[in-house]
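Enquirer: please work out how this folds:
(chains A and B)
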There are 2 protein chains.
Amino acid sequence: MPSEIPVYDIVIIGAGPVGLLLSVSLSRWGYKVRHIDNRPVPTATGRADGIQPRSLEILQNMGLKRNIMAHDPARVFEVAFWDPAPGGKIVRTGTWASCPEFLDARYPFTALLHQGLIERVLIEDLEKNGTKIQRPWTITRFETNHKNPEYPVEVDLKNLDSNVTDTVRAKYLYSGEGAKSFIREQLGVQIRHKDPISHVWGVMDGVVRTNFPDIKMKCTIHSDHGSIMVIPRENNMVRLYIQIASSTDPDFSPRKTATVEQVQAAAKRIFHPYYCNWERVEWYSVYPIGQGIADKYTLDHRVFMGGDVCHTHSPKAGQGMNTAFHDAVNFAWKMHLVESGFASRDILSTYEVERRFIAETLLNFDNKYAALFSTRQPTASEVDDAHKQDGSEHKNEFVETFKANCEFTSGFGVAYNPNIFNHSGEHPFQHPLIITDSQKLRPGRIMPPSNVTRVVDANVVHLENEIPFNGSFRLFIYAGLSQSPKKGAHKALADFAENLTAKDSFYTRFGCADRQRDNHHDMDNPHSRFFSLALVIAAKRPEIEISDLPAVFRDYSGRVYADDRRDMKVLDAKVAAHAKVGLNGDEGAVVVVRPDGHVGIAVRLVEGKGTMEALEGYFKGFTVRTGLGGGAERMRSQL
Amino acid sequence: MPSEIPVYDIVIIGAGPVGLLLSVSLSRWGYKVRHIDNRPVPTATGRADGIQPRSLEILQNMGLKRNIMAHDPARVFEVAFWDPAPGGKIVRTGTWASCPEFLDARYPFTALLHQGLIERVLIEDLEKNGTKIQRPWTITRFETNHKNPEYPVEVDLKNLDSNVTDTVRAKYLYSGEGAKSFIREQLGVQIRHKDPISHVWGVMDGVVRTNFPDIKMKCTIHSDHGSIMVIPRENNMVRLYIQIASSTDPDFSPRKTATVEQVQAAAKRIFHPYYCNWERVEWYSVYPIGQGIADKYTLDHRVFMGGDVCHTHSPKAGQGMNTAFHDAVNFAWKMHLVESGFASRDILSTYEVERRFIAETLLNFDNKYAALFSTRQPTASEVDDAHKQDGSEHKNEFVETFKANCEFTSGFGVAYNPNIFNHSGEHPFQHPLIITDSQKLRPGRIMPPSNVTRVVDANVVHLENEIPFNGSFRLFIYAGLSQSPKKGAHKALADFAENLTAKDSFYTRFGCADRQRDNHHDMDNPHSRFFSLALVIAAKRPEIEISDLPAVFRDYSGRVYADDRRDMKVLDAKVAAHAKVGLNGDEGAVVVVRPDGHVGIAVRLVEGKGTMEALEGYFKGFTVRTGLGGGAERMRSQL
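Expert: From the prediction side, this is the model:
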């Protein structure tokens, strides 16, 4: 390699949601990122705008939510269903929570804000961490050459204004280009269309005057004149989605279009008997959407793809940006753990396995939902008539589909299948202390949220959010009632601490000498870049003295919590945070949470070496053999 | 008046907390503000930094809290008390919530952030509303001349850089100059010193390394080597307050000082046996503090004063900035209601009456607290000995004083005495429907917080914060169980609506024709600049149809709420928000809340004219006789 070719850890193509969130993560962790986008400026109006409850948690965990909420997005808590009524009218037939209480979301609503404002928040964060997006640049060629093991990917870039070109080398190339992807095309990766039906959609953002009572709600309206979806927006705006054509129409053309006036007239007919006048149109677009999913997300584990490059679907389930966020987060921590020498390169294969499975699930849902959305629903009186004739109870299939899928659409249905990270009965490593039957801690899913009191400053905090998305595995140690200071016994905790910091433990092997020298203000990674600990004690805050705890926890003084807050969801529980992860008895547990917040494994906390043995076996499944070296001795001498 | 003299609604001197919050309020409401400060730049470091729970609510109600919290202030939930222990050591003798649960605060903590960051948020808001602070400018002369009834105050200003002078005329002059006040001096207003003892304080902000376990808590430490107060700050900083000298010392001098090293050495002795090393000192200052209160806050109801101009005290109770905020808010709405033609000029006298009473209460507390803080407390063993000898139960007087005053120091003790706004048995107007015996709705105090569901968009919201600080009186109409849609009866509500919008009602008299013509997106003031309504219905959200409500409420569609949320404080209540204001029976009430969030009067909601009669009598007490005219006819024709 000639020395003048610049090298990067990663080249990211595209500054939409997937590219930006990946770039934010890696830039924060110190990676050298080359990030380009072929648009001259960020998204100005319109486009995707729904941030689902689980995505809000991800953004909060990254410290980005506050800046996004500062733009005062509309919040959707409920969806209203409107159906045809006699006389060409419409009538509300019911409402349903968009994220029902049983999902126990920290933020049980969808936030609606135009994509440009969301992008702006991510771009500001990027720039603080030294990455600048180059615009308008495009990719013209790329090649993976394994003869250069350190920087195997060569990429040619071109400035679309000046036609200046640049060749760079990188460890990875990531495509977040959107549905039209040069990289996917070059790789020859096929898009499979799950549904042979494609649709042309009109979407309009603006401010209306109306007496339609649910204009501030998310609504699905089926009428004799067609279907429409209403989505509230920031600044008194509303978005309407109208289906303009479907490939099932006799005269279908994917290039079918409609003017603003035509769409407004169609909306007027659907809203009847309510009036709907437009004060202002902010954005209007007509576009064909076909459902599709890429066969592969990577071919060589060096060039990866995510977001709309890999999956496209109808806009109505509000999943596009959210799926992109998940793609980015999933890839970011895996690349990080490989490149920082913690995990073996094999783990990169789980990116496609985990994310493609979710995309398949999404398309199956979208398929059904889109078809039902386009179908005229029976009126209330028609339902009554049918009901009289056959005696059956009528179910509105569209509504039933919506309800059945709200866990998925809220983002809490992102449940990864068993694999090397998500423990199950099929995992190569088994141990009797591994918790296998919990209804609350299910590997592959996220932890339930809970409130606890931070001992060091008595702040009431959200436990699940205390360890940020920092690329580390999170070890939540629930000490259990048997280890509470009142009982005077904490042998299980002491044994765990001793074995955790033993010379050859995974924790010590991947320790970092530098951190241990100067860890006074570092509450997340005082010993290791790869592990963050949080200790939850079943006691009232004033009963806990951090100086009485095993030495390892003293360096985590800011991550020790009292489980002393009441929780509306488990009012009868003695210790609510324990109960929320299913720990109702005396015993504690160590819950390993992946860097992205999904549970990896939960192990009972018992006296002796068993707990650590079980964790050791789990981490051996994907860490590199040697460890980083050097950390062990220094850690022992400090503790 | 020569036409070339510029005129303003108000000239504000000083851009500290009181001047800024006043300026923010009046600038938002469209007043022409001339605002100067004699400092060349805003506060750079140090100074006041504690925002109390009630002040956080005020800032939230003004939409300013989010930008302040974006600076990640430290949050103090609890205070730890440390006392002398044998061997010259210290020991923690207890902790106490800084804002205990029984106070039912929305934000039960104090936020700590340096004054400059808080000022910056207020200055940004000011500038958005067209007011720019001129620096460094000072006031050199002022005079009230009632021969000019519109702009009676003449003020000479001078630029301290260029010596350029400017003469302006204004309706009001407000001094927020701080303890050294030119205006107060010119007026000849005396400061009375409640406590003959004065103190010299050292205060130091910085980052420390320590094994003192409560360094992230607010602590009061009494040791054999003196007393210290510890206050956590943003960015891992801590603030220490150390008393350097007291006028009770034999060699006292108010000019006594101490170096950084001397204060650090004193702190070291007090912290023993814990170590405390300074990594960085951000700010250090020594200053004498005497307690004082101004005899008058105004002489002529044109030149007013507030903040430190009127009251000074020790910094330890963390009240300075908070009292200033209250002063500003209290003056702002009263001046607004006079200048906009709603209230008679007499009401301005309530500014001094209300705020000076609170300052007196503050000084009485501070007096006792400061004296106890300076007094060495007995060690635990001394307490035990005393206990053995006389058999009495020992109370630590300092701790007892702290606990007894936490309502006041949290800001919830700001309870204004009965006057023309705060109804009581002494009020000139009485009516049998006025609620006089409620433990929850006490005129002069704020409303308890509650969560409700906004009908129009199903958002779960904080009811007490739904109407912003917009200068309007707030009418919270709790419909009561008897008026719920399930009962099918809402005659009391219908009667109230009819009488509220009657031709000669206070609501109609102060209506505004312009607003009624174009009120589609105005949820706070659709009919009148002076009233904002909120309707709380005892029902589940889906049971409420806004189109079924009396016409007046349809224009407030965004201010109709379902009382359908459970509340941990009143778990057994059928309708929690009603219960939180003491409405446990079937009956509803209309609660009038002053523009600053303090309850004015509560009246039972009954069928017939009684409810409106009671409200009419209350508003007649301070509104001008005529009303604005014109609104009545137009409102009738619209509804």
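Enquirer: and the spatially most central residue of chain A, what does it touch?
Expert: The residue lying closest to the centre of chain A (C-alpha atoms, centre = their mean) is residue A:326, at 3.7 Å. For residue A:326, the contact set (C-beta atoms under 8 Å, 6 or more residues apart in numbering or on different chains) comprises A:55, A:58, A:355, A:358, A:411, A:414. C-beta: built from backbone N, CA, C; applies to glycine.
Enquirer: redo those as TSV? Include secondary structure.
Expert: Formatted as TSV, the contacts of residue A:326 follow (DSSP: H, G, I helix; E, B strand; the rest coil):
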residue	secondary structure
A:55	helix
A:58	helix
A:355	helix
A:358	helix
A:411	coil
A:414	coil
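Enquirer: return the member of these nearest to residue B:624.
Expert: residue A:55 (52.9 Å; C-beta to C-beta).
Enquirer: so that closest one sits right up against residue A:324, yeah?
Expert: No: with contact defined as C-beta atoms under 8 Å, residue A:55 does not reach residue A:324; the gap is 9.4 Å.
Enquirer: pLDDT below threshold where in the stretch 1-150 of chain A?
Expert: Low-confidence segments of the stretch 1-150 of chain A (pLDDT under 70): A:1-3, A:46, A:48.
Enquirer: so the residue nearest to residue A:70 when sequence neighbours are not counted, which of the three states?
Expert: Once flanking residues are discounted, residue A:70 sits nearest to residue B:66: 6.2 Å by C-beta to C-beta, 6 or more residues apart in numbering or on different chains. Under three-state DSSP, the three-state class of residue B:66 is helix.
Enquirer: residue B:66 against residue A:66, yeah?
Expert: Yes: contact criterion C-beta under 8 Å: residue B:66 and residue A:66 qualify, at 7.4 Å.
Enquirer: for stretch A:533-543, measure first residue to last.
Expert: End-to-end distance of stretch A:533-543 (C-alpha to C-alpha, to the nearest Å): 21 Å.
Enquirer: ok, stretch A:98-105 next?
Expert: For stretch A:98-105, the end-to-end distance is 11 Å (C-alpha to C-alpha).
Enquirer: do it and chain B meet at all?
Expert: No: against chain B, stretch A:98-105 shows no contacts by C-beta under 8 Å from any C-beta of the partner chain, the least distance being 8.7 Å.
Enquirer: what sits up against that stretch?
Expert: Residues contacting stretch A:98-105 (C-beta under 8 Å, 6+ apart): A:52-54, A:57, A:76-79, A:108-110, A:218, A:406-407, A:409-410, A:412, A:448-449, A:569, A:580.
Enquirer: now that stretch, how far from the centre of its chain.
Expert: Stretch A:98-105 sits 16 Å away from the centroid of its parent chain (C-alpha atoms, centre = their mean, to the nearest Å).
Enquirer: so who does the closest residue to residue A:472 other than its chain neighbours touch?
Expert: The shortest distance from residue A:472 to any non-neighbouring residue, by C-beta to C-beta, 6+ apart, is to residue A:532 (4.4 Å). By C-beta under 8 Å, 6+ apart, the residues touching residue A:532 are A:467, A:470, A:472, A:473, A:474, A:475, A:524, A:525, A:559.
Enquirer: mind putting those residues into JSON lines with secondary structure?
Expert: What follows is the contacts of residue A:532, written out as JSON lines (three-state DSSP):
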{"residue": "A:467", "secondary structure": "coil"}
{"residue": "A:470", "secondary structure": "coil"}
{"residue": "A:472", "secondary structure": "coil"}
{"residue": "A:473", "secondary structure": "strand"}
{"residue": "A:474", "secondary structure": "strand"}
{"residue": "A:475", "secondary structure": "strand"}
{"residue": "A:524", "secondary structure": "coil"}
{"residue": "A:525", "secondary structure": "coil"}
{"residue": "A:559", "secondary structure": "helix"}
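Enquirer: which stretches of the stretch 201-350 of chain A form helices?
Expert: Counting by DSSP state H, counting those that start in this stretch, the stretch 201-350 of chain A has helices at residues A:260-271, A:320-339, A:349-374.
Enquirer: right, I'll leave it there.
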